[in-house]
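A.B. asks: Whatever this is, show me its structure:
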Amino acid sequence: MLKKIFNHTPIILLFVVILAGAFLRFSQLGESSLWIDEGYSINASTAIMEHGYPLLESGQVYTNQPLVAYAIAGSTGLFGLDPFNPWSARIPAALFGVLVILMTFIFARRIFENDWLALGCAIFIAFLPWEIAWSRQARGYTMLQFFLLVSFDQLYIFLESKKFRASFFAAAALVLAWLSHGLAVAFIPGFLFTLLVWLVTERRKVSYIALLPLSIITAGASYLGVKFVQHLEIVNYLSYYNSFVLEHYMVIFILGITGFIIMILRRNSNWAGTILLGATAMAYVIIAGYGSTVQYRYLTPLLPFISIGSMYTIYYALQTMVPRLHKNSQLIPPVASCIIFVGLLFFAQHIALTPTSTLYPDSPQSNFRDAYQYVLDNQTENDQVVSPYAHLTNIYLGDPGVLLPVSLTGRKSELQATITSNKTDYYTNTNITDDAKLFNPVNRQSGFLIIDHMARQRIPSTFNTAMSKQYFQLVYFSPSKEDGGNVWVFKY
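C.D. replies: Model prediction:
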């Protein structure tokens, strides 16, 4: 009787962990303000509801994260959208955030063949603040994580069984991951590397039918790789990412990479280690060494894989170094799971027991909601609204106003990509202003200028100088928990 209870305990606890994870992801989902990137997703989803596909007002088709845009369109179409409490737009991310917990358990269970060890990995993902925060944004990172986990899980099955169905699901899930977020391209080399190593080392005769979906992925990846490199402004940010990992996730990454290596060295878990190391190490190098800008959020898809490696390191250490536990081997997995949770508590920044939407230091979360609420309450019929984010102005006020063009990355090419050939905004087709128009006391009409900290750092110094003059009056300041998230509202 006790043995049966013991055997079912991890499944019962998994249910509890999933419920807790769901609470942390869904509770007060609309309390934080929309930020810049969420506006892009919602803008595309609005276009989908109007046209059936993401045709923007400028006549351009928005191709970034199409699966996410359609999911948000379905959610907001069903529940409506209140930009001042945008919980409906964030439901897909929260839902997939919960599914990531479950899929992490499934993948880990397949590797470990042990519920307790898989539970430890699920606990890690369920309570990790970064995982929770990105599950509460109208973006595609949790969807990307889920499909990557499915893809590599099915790849593992294929390497073990050579089943056509698994190779098809692995390829299909990788395509869905790419449709969720273009970052999936960084994981394709690891996927193909693992497959190549398997083919070379095993020298098995594999059905051509089974390899067909993977061959299609290879051809598609090659095409995307060429297109990617052609448009890439390569800057090596490896030192930035390394510093970030050492400061925030050093223990987790060290344990994870160690676990991958141990798996590879122990022949009984050979392909699990190769898959996990290939997925994480190669993706990390591509993200950090060949990106066009620093985006620490791009490391989030690595975390479920890292959690599995960390769990294996702890399990192996207990098995090797604690003789008493070695004699009672069934106690090792639950002890390892407990160590994961206690370890999370010890490193306080790695656990959250209340809902959190804080993305800092990766993404400035400016409090646009309060700034736009002020404008909405005080705007007259003749007032125009100028902002670097016309798509947010359109979402909050129902009219895009006028765009103040700003490169968010500081690169001229990025700024040019947001302006159409007709010199209008790419996202809303609204008109563009500059300092000559905006600050000319003869031609200038009355209105509001909404600008955040990041944009003030990017705009020419003449803008900031002009904003300090008499005809620009600061009427509202919307503070943020982080210095980079402040918003100013000027009346002119």
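
A.B. asks: residue ranges of the strands in the stretch 151-300 of the chain, please?
C.D. replies: Along the stretch 151-300 of the chain, no segments are classed as strands by DSSP state E, counting those that start in this stretch.

A.B. asks: Near Ser135, how many other residues are there?
C.D. replies: 31 (other C-beta atoms under 10 Å). The way it works is simple: take the backbone N, C-alpha and C, and place the C-beta from them, glycine included.

A.B. asks: wait, doesn't it sit right on Gly97?
C.D. replies: Yes: between Ser135 and Gly97 a contact is recorded at 2.7 Å, counting by C-beta atoms under 8 Å.

A.B. asks: Let me see the contact set for Asn64.
C.D. replies: By C-beta atoms under 8 Å, 6 or more residues apart in numbering, Asn64 lies in contact with Tyr40, Ala44, Gly182.

A.B. asks: 10 Å - rerun?
C.D. replies: For Asn64, the contact set (C-beta atoms under 10 Å, 6 or more residues apart in numbering) comprises Asp37, Tyr40, Ser41, Ala44, Pro54, Gly140, His181, Gly182.

A.B. asks: Over to Arg109?
C.D. replies: Arg109 neighbours (C-beta under 10 Å, 6+ apart): Pro10, Leu14, Asp115, Trp116, Leu117, Ala118, Leu119, Cys121, Ala122, Asp153.

A.B. asks: Give me the pLDDT for it.
C.D. replies: Per-residue pLDDT puts Arg109 at 94.

A.B. asks: Distance of it relative to Gly120?
C.D. replies: To Gly120, Arg109 is 11 Å away according to C-beta to C-beta, to the nearest Å.

A.B. asks: which residues do these two both contact?
C.D. replies: Common neighbours of Arg109 and Gly120 (C-beta under 10 Å, 6+ apart) are Pro10.

A.B. asks: domains of this structure?
C.D. replies: 2-34+83-350, 368-491 (automatic domain parsing).

A.B. asks: Looking at these, which one is packed in the most?
C.D. replies: Highest mean neighbour count among those (mean count of other C-beta atoms under 10 Å): domain 2-34+83-350, with a mean of 19.

A.B. asks: Check the offset of that one from the chain's centre.
C.D. replies: Once both centres are worked out by C-alpha atoms, centre = their mean, to the nearest Å, domain 2-34+83-350 turns out to sit 13 Å from its chain's centre.

A.B. asks: now for the host helix or strand of Phe305, which elements pack on it?
C.D. replies: For Phe305, the enclosing helix or strand under DSSP states H and E is helix 303-321. Where contact means 3 or more C-beta pairs under 10 Å, 6 or more residues apart in numbering; DSSP states H and E, helix 303-321 is packed against helix 87-112, helix 115-127, helix 129-134, helix 141-161, helix 250-265, helix 270-289, helix 323-327, helix 332-346.

A.B. asks: What angle do helix 115-127 and the fifth one make with each other?
C.D. replies: What it means is helix 250-265. Per axes from the mean of the first three to the mean of the last three C-alpha atoms, to 10 degrees, the angle that helix 250-265 makes with helix 115-127 is 150 degrees.

A.B. asks: Any stretches of the chain with poor pLDDT?
C.D. replies: For the chain, the stretches flagged by pLDDT under 70 are 1-7, 202-236, 267-270, 322-350, 360-362, 410, 434-444, 460-471, 481-484.

A.B. asks: and the residue nearest to Gly140 when sequence neighbours are not counted, what does it touch?
C.D. replies: Once flanking residues are discounted, Gly140 sits nearest to Val68: 3.7 Å by C-beta to C-beta, 6 or more residues apart in numbering. Applying C-beta under 10 Å, 6+ apart to Val68 gives the contacts 41, 44-45, 92-93, 96, 138-144, 179-181.

A.B. asks: I'd guess Val68 is in a helix, am I close?
C.D. replies: Yes: under DSSP: H, G, I helix; E, B strand; the rest coil, Val68 sits within a helix.

A.B. asks: gap between it and Val294?
C.D. replies: Counting by C-beta to C-beta - Val68 and Val294 are separated by 22 Å.

A.B. asks: cool, and Ser243?
C.D. replies: From Ser243 to Val294 the distance is 10 Å (C-beta to C-beta).

A.B. asks: measure Asn242 to Tyr249 for me?
C.D. replies: In this structure, Asn242 and Tyr249 are 11 Å apart, going by C-beta to C-beta.

A.B. asks: Distance of the closest residue in space to Thr274 that isn't next to it in sequence relative to Ile188?
C.D. replies: Closest residue in space to Thr274, ignoring its immediate chain neighbours: Thr194 at 5.3 Å, by C-beta to C-beta, 6+ apart. Shown here: Thr194 relative to Ile188, a distance of 11 Å by C-beta to C-beta.

A.B. asks: for Gly74, same thing?
C.D. replies: On the measure of C-beta to C-beta, Gly74 and Ile188 end up 28 Å apart.

A.B. asks: do the same with Thr76
C.D. replies: For Thr76, the distance to Ile188 - C-beta to C-beta - is 31 Å.

A.B. asks: Please apply the same query to Ile351.
C.D. replies: From Ile351 to Ile188 the distance is 32 Å (C-beta to C-beta).

A.B. asks: before we move on, what about Ser27?
C.D. replies: With the distance defined as C-beta to C-beta, Ser27 ends up 36 Å from Ile188.

A.B. asks: Looking at the domains of the chain, spot the one closest to Leu359.
C.D. replies: With respect to Leu359, and counting by C-beta to C-beta, the nearest of these is domain 2-34+83-350 at 5.3 Å.

A.B. asks: can you put the domains of the chain in a markdown table and add distance to Asn64?
C.D. replies: Output for the domains of the chain, formatted as a markdown table (distance: least, C-beta to C-beta, whole Å):
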| stretch | distance to Asn64 |
| --- | --- |
| domain 2-34+83-350 | 7 |
| domain 368-491 | 11 |
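
A.B. asks: Tyr62 is nearest to which of these?
C.D. replies: Nearest to Tyr62 among the domains of the chain is domain 368-491; the distance by C-beta to C-beta comes to 7.8 Å.

A.B. asks: Now find how far off-centre the closest one is within its chain.
C.D. replies: In terms of C-alpha atoms, centre = their mean, the centre of domain 368-491 is set 27 Å apart from its chain centre.

A.B. asks: Confirm for me that Val175 is in contact with Ser151.
C.D. replies: Yes: counting by C-beta atoms under 10 Å, Ser151 is a contact partner of Val175 at 8.8 Å.

A.B. asks: Please tell me how far Pro189 sits from Tyr290.
C.D. replies: In terms of C-beta to C-beta, Pro189 sits 11 Å off from Tyr290.

A.B. asks: Am I right that Asn486 is in contact with Leu474?
C.D. replies: No: counting by C-beta under 10 Å, Asn486 stays clear of Leu474, with 11.8 Å between them.
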